[in-house]
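Asks: just coords:
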């Protein structure tokens with residue numbers, strides 16, 4: 001049940017590009033993390049350019065492009081490092097293709113959540129797995 005939060009900065013993409021980014025992210029997560037597509041959540045937000053910096057400096061406002069920070073939450077035991085690396089590479093390629101020149105390098109972060117701390121429909125993953133095993 002991975003969920004991805006994507007924060008964009010720079011030029012705001014048009015609605016068709018955002019829709020394509022939603023689809024591509026779900027496809028990448030389904031394929032590379034072997035997740036059930038119906039359970040993948042993706043959230044995309046656009047920040048104003050002045051809210052970001054790298055090395056203490058905001059991106060050059062004259063540069064046309066969009067930067068991305070992607071945080072993917074997964075259950076602590078859901079994926080191994082090789083799958084995370086493949087996913088990071090695919091997301092890099094996807095964001096470059098869909099968003100064009102990046103004003104900031106795309107950052108991809110995986111956050112592993114303990115299964116007792118991840119809830120779905122009022123139960124933790126730990127509880128759901130225990131009920132399935134019984």
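Replies: Alright, I've got the coordinates. Just so you know, these numbers come straight off a predicted model, no measurement behind them.

Asks: where do the strands of this structure begin and end?
Replies: For the chain, strands defined by DSSP state E occupy the ranges 3-10, 41-47, 66-75, 107-113, 119-120, 123-124.

Asks: could you tell me the least trusted of those?
Replies: Ranked by mean pLDDT, the strands of the chain bottom out at strand 119-120, which scores a mean of 80.

Asks: identify the residues contacting it?
Replies: Residues outside strand 119-120 that contact it (Cβ atoms under 8 Å, 6 or more residues apart in numbering): 1, 39, 125, 128. (C-beta placed from N, C-alpha, C; glycine too.)

Asks: got it, and stretch 29-45?
Replies: Outside stretch 29-45, the residues that touch it by Cβ under 8 Å, 6+ apart are 1-8, 18, 21-22, 25-27, 72, 74, 78-79, 83, 86-87, 90, 120.

Asks: got the strands of the chain as TSV, with distance to residue 97 and mean neighbour count columns?
Replies: Below are those laid out as TSV (distance: least, Cβ to Cβ, whole Å; neighbours: other Cβ atoms under 10 Å):
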stretch	distance to residue 97	mean neighbour count
strand 3-10	15	21
strand 41-47	16	14
strand 66-75	12	21
strand 107-113	15	16
strand 119-120	32	12
strand 123-124	37	14
